[in-house]
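Asker: coordinates only, sequence not included:
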């Protein structure tokens, strides 16, 4: 069941519950555009993006967490190279001017593109304990 984050109190609760994402990794990212072709081959546009970010961390009892951003405004992804460690030590999660921001390190500043960050108008979270390990949510075969 999704829990909506609405204010700073909700942000603090999530960060405290998940240990500020310490020793976690971003396992999966799924982005949905909401555009589609119907049975009559007509194209439909909502112009709204939704993203699901799945995290795993080295602590229990909350090991796997999923964030869902709705009405995404910007998503910045910087792939890791062979010399970069993908471990997240601490994150930024904040609400500014009606947008929720998540970034993969503490003290991140808006529009710092040397990191992974996302913002959107709505933010939700849920626990996903069944998705621990090297699981695939998307069948790519």
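Answerer: Arrived safely, thanks for sending. All values derive from a computational prediction rather than experimental measurement.
Asker: looking at this, residue 14 is in a helix?
Answerer: Yes. Assigned with DSSP: H, G, I helix; E, B strand; the rest coil, residue 14 falls within a helix.
Asker: Could you pull out the buried residues of stretch 12-26?
Answerer: Applying a neighbour-count criterion of 16 or more other C-beta atoms under 10 Å, one finds 14, 18, 20-21, 24-26 buried in stretch 12-26. C-beta: built from backbone N, CA, C; applies to glycine.
Asker: In this structure, where is pLDDT below threshold?
Answerer: Within the chain, the ranges that satisfy pLDDT under 70 run 139-141.
Asker: centroid residue for it?
Answerer: Taking C-alpha atoms, centre = their mean as the criterion, residue 53 is the residue nearest the geometric centre of the chain, at 3.4 Å.
Asker: helix, strand or coil for that residue?
Answerer: Secondary structure state of residue 53, per three-state DSSP, is strand.
Asker: any idea which strand is longest in this structure?
Answerer: strand 64-76 (DSSP state E).
Asker: Residues contacting that strand, please?
Answerer: Residues outside strand 64-76 that contact it (C-beta atoms under 8 Å, 6 or more residues apart in numbering) are 2, 18, 27, 31, 48-57, 99-100, 102, 113, 115-132.
Asker: make it 6 Å
Answerer: Outside of strand 64-76, the residues within contact range by C-beta atoms under 6 Å, 6 or more residues apart in numbering are 18, 48-56, 113, 117-126, 128-129, 131-132.
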